[in-house]
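Enquirer: what follows is a predicted structure for the sequence shown.
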Amino acid sequence: MAKGYQYKKYTRSKFGSVVYFMFLLLAGAFSVLPLVYCIATSFKPLDELLVYPPRFFVRRPTLTNFIEIPALLGKMTVPVTRYFLNSVFITVVSTLLQIVFASMAAYVLSKSKIKFKTVFFLIIQFSLLYNATTLAIPQYLILTNLHLIDTIWVYILPTLASTTGVFLIKQYIDASIPDTLLEAARIDGAPPFRIYLNIVMPNIKPAWMTILLFAFQGVWSVSPTAGTIYSEELKTLPYVMTSVAAGGLARQGSAMACTVLLLIPPVIVYFVTQSNVMQTMSSAGIKE
Amino acid sequence: MKKRPQGIEVIKRRYGYMFVIPWIVGIIIFVIVPLINSVIYGLSDTNMTPQGLETHFIGFENYYKLFAQSADYTNLMAESFSSLFTSLPIIVALSMMLALILNQKFAGRTFARAIFFLPVIIGSSVVMTKLSSFSMQQGIMETSGMAASQTSSYMNVINFSELIAKLNLPENIGKLITDWLSNTFNLIWSCGIQILLFVAGLQTIPEQLYEVGRVEGISKWEEFWFVTVPMLGRVILLVIFYTIVELFVEKSALVSKATSLLLQQDYSTSSAMLWPYFIFTEIIIAIIVIVYKKLLLNRWE
């Protein structure tokens, strides 16, 4: 019976599917545990926070931690809206500029014949290997020399030199914009900037949506390098979270509640951009 | 002889430069100059003075100190490299398996993908630091728990060791399970981008290839090795590259040691520590890429 039924071979057995999804569930559990713990803790009443050994789940969930936040924040020297506005301003400006700079550079690196193109691309690949901490001190000294310490630019300027963004957008332009399209625009008399704005940008939306996600999550929750920001009114939301947490063990619940609130925007941005991310990543592996 | 570009060509190039300049300036100021400075610090004796950083050229003395005077540095280096060779194959295989499952059609697929991407969304942020520092404070409360919390793995948060202890297993087995769980945990948390790359890669494989396979009557196993893997050739290379960078740069004991020296304002030693390490990393990446291309990619394409 089964022999004649050739197609059988290509549908997985029930048992097989169960094994696969057990594996998926298990791995998924590892992935979400910290977040679940974070959320659970934010709902714990005081006595459960102090219990030893600490429990993973909350027994009697309460909203006290969230309700306490405004009161705790009221005690800060600068109103919390200021931190919030700082965070929003920095995130928006930095993300926007990153997208503009990276896409402009990527467009040229992908489509034009300017000199040093290979040099630039080598620089990109090389600098992917250096992480932020390695460059932090030289960057700090440069910011000092530029007299930018204790200004809002400390947050924004270093993020603009993003190499991942240029790399991903360049790969995407290579794969999705044919030369003939640009040629046609040129013959129709479109000036270069117009071509970039009206032809290239709409066509590479998935690529810049991806950069939007990465840039956003990179900037949103970043704390500045030690020593670059002194003024209270230039600090951002993560600082608020740390200072709530500094209130001691009894404040841990509220600190966790702040964390949960702080996590919401990146998660929303992820769900908005996720289908684009997938599209961009598929062009990343096409050429080196 | 090469003709100099004229007329419209010149204008086109000028626009080209105009488009790259904002980014290039950023790269020069915040990446290239810092890199060069770090080479200089590595070769000199640095002193932080109120007027700024004072450097005094001393040649390779910093390197001599690192390599010849104590075994710490070479040990750290060996540790970083050995952890690379155990983690790399596991991460690549694991993320590929998960991507294969996530690429199938099932209810809640978007949600499932989001879950595996979570580490990327929240992992690098201050939130994660908060999570581990939170567990650290509890660790201090436990008094004896200090050593455990210093491993700074996210596992502290969940406190599996407590759970395992409750099971009344023999001590060795309990420790084995805890280690295994904590490793699995760290590995899965390093898979986010890789899974994404693989799923995206899987979607670019034309369905016809699988159809041909089906007509020819190949098994699932053959289909995987003769269609899926070769078609993912370049994606696998990208994943390997990415994983090495991640493991080397973000999660290595040596880099965190160097960072802690930075915070103590010992710029010269810290820079000197990083350069040989990065050069070795580059060499390893070059070897892997060349071998992979010669042995596998050429055959597949």
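Expert: Perfect, I can see it now.
Enquirer: what's the domain layout of the chain?
Expert: Using chain A here. A:11-65, A:70-284 (automatic domain parsing).
Enquirer: the intended chain is chain B.
Expert: Following automatic domain parsing, chain B resolves into domains at B:8-57, B:61-300.
Enquirer: avg pLDDT for the shortest one?
Expert: Taken as a whole, domain B:8-57 carries a mean pLDDT of 77.
Enquirer: repeat for the longest one
Expert: Mean pLDDT, domain B:61-300: 74.
Enquirer: how long is that domain from one end to the other?
Expert: One end of domain B:61-300 to the other measures 48 Å (C-alpha to C-alpha, to the nearest Å).
Enquirer: try stretch A:200-210
Expert: Separation of the first and last residues of stretch A:200-210 by C-alpha to C-alpha is 16 Å.
Enquirer: equivalent analysis for stretch B:40-47, please.
Expert: First residue to last in stretch B:40-47 (C-alpha to C-alpha) measures 13 Å.
Enquirer: ok, which of the domains of chain B comes nearest residue A:142?
Expert: Of all these, it is domain B:8-57 that lies closest to residue A:142, at 6.2 Å by C-beta to C-beta. C-betas here are computed from N, CA, C, even on glycine.
Enquirer: can you confirm whether the closest one lies near chain A?
Expert: Yes - judged by C-beta under 8 Å from any C-beta of the partner chain, domain B:8-57 and chain A are in contact via B:12-13, B:15-17, B:19-20, B:22-24, B:26-27, B:29-35, B:37-38, B:41, B:52-53.
Enquirer: helices or strands up against the host helix or strand of residue B:257?
Expert: Per DSSP states H and E, residue B:257 falls inside helix B:253-263. The criterion is 3 or more C-beta pairs under 8 Å, 6 or more residues apart in numbering or on different chains; DSSP states H and E, and the helices and strands that helix B:253-263 contacts are helix A:132-145, helix B:72-102, helix B:267-292.
Enquirer: what comes up buried for that helix?
Expert: Within helix B:253-263, the residues that count as buried by 16 or more other C-beta atoms under 10 Å in any protein chain shown are B:254-255, B:257-259, B:261-262.
Enquirer: of all these, which comes closest to residue A:84?
Expert: If you rank these by distance to residue A:84 using C-beta to C-beta, residue B:259 comes first, at 29.8 Å.
Enquirer: is it true that that closest one touches residue B:270?
Expert: Yes - using C-beta atoms under 8 Å as the test, residue B:259 is close enough to residue B:270 to be in contact (7.5 Å).
Enquirer: for the residue nearest the centre of chain B, which non-adjacent residue is closest in space?
Expert: Centre of chain B computed as the mean C-alpha position; nearest residue by C-alpha atoms, centre = their mean is residue B:246, 0.6 Å away. The shortest distance from residue B:246 to any residue that is not its chain neighbour, by C-beta to C-beta, 6 or more residues apart in numbering or on different chains, is 6.2 Å, and that residue is residue B:190.
Enquirer: next, the contact list for the one you found, please.
Expert: Residue B:190 is in contact with B:87, B:91, B:119, B:243, B:246-247, B:251, counting by C-beta atoms under 8 Å, 6 or more residues apart in numbering or on different chains.
Enquirer: with residue A:83 instead?
Expert: Residues near residue A:83 by C-beta under 8 Å, 6+ apart: A:235-237, A:239-240.
Enquirer: assumed it was part of a helix.
Expert: Yes - secondary structure of residue A:83 (DSSP: H, G, I helix; E, B strand; the rest coil): part of a helix.
Enquirer: pLDDT score for it?
Expert: At residue A:83 the predicted local distance difference test score is 84.
Enquirer: with only the CA atoms kept, save the one helix or strand residue B:215 maps to in PDB.
Expert: In the assignment (DSSP H and E), residue B:215 maps to helix B:207-216. What follows is the C-alpha trace of helix B:207-216 in PDB, where atoms were taken according to Å, rounded to 0.1, in the frame of the first residue of the first chain:
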ATOM      1  CA  GLU B 207      10.800  26.200  -5.700                       C
ATOM      2  CA  GLN B 208      11.500  24.500  -9.100                       C
ATOM      3  CA  LEU B 209      14.700  23.000  -7.700                       C
ATOM      4  CA  TYR B 210      12.800  21.100  -5.100                       C
ATOM      5  CA  GLU B 211      10.300  20.100  -7.700                       C
ATOM      6  CA  VAL B 212      13.000  18.700  -9.900                       C
ATOM      7  CA  GLY B 213      14.300  16.800  -6.900                       C
ATOM      8  CA  ARG B 214      10.800  15.400  -6.300                       C
ATOM      9  CA  VAL B 215      10.400  14.300  -9.900                       C
ATOM     10  CA  GLU B 216      13.800  12.600  -9.700                       C
END
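Enquirer: so what's the gap between whichever helix or strand comes after it and the chain middle?
Expert: From helix B:207-216 onward toward the C-terminus, using DSSP H and E, the following helix or strand is helix B:220-223. Its chain's C-alpha centre lies 31 Å from the corresponding centre of helix B:220-223 when counted by C-alpha atoms, centre = their mean, to the nearest Å.
Enquirer: name the element the nearest residue to residue A:220 once chain neighbours are set aside belongs to?
Expert: Once flanking residues are discounted, residue A:220 sits nearest to residue A:91: 5.1 Å by C-beta to C-beta, 6+ apart. Taking DSSP H and E as the definition, one finds residue A:91 inside helix A:80-111.
Enquirer: next one: that helix to chain centre, how far?
Expert: 12 Å.
Enquirer: which parts of it are buried?
Expert: Residues of helix A:80-111 classed as buried: A:82-83, A:86-87, A:90-91, A:93-95, A:97-111 (neighbour count, 16+ other C-beta under 10 Å).
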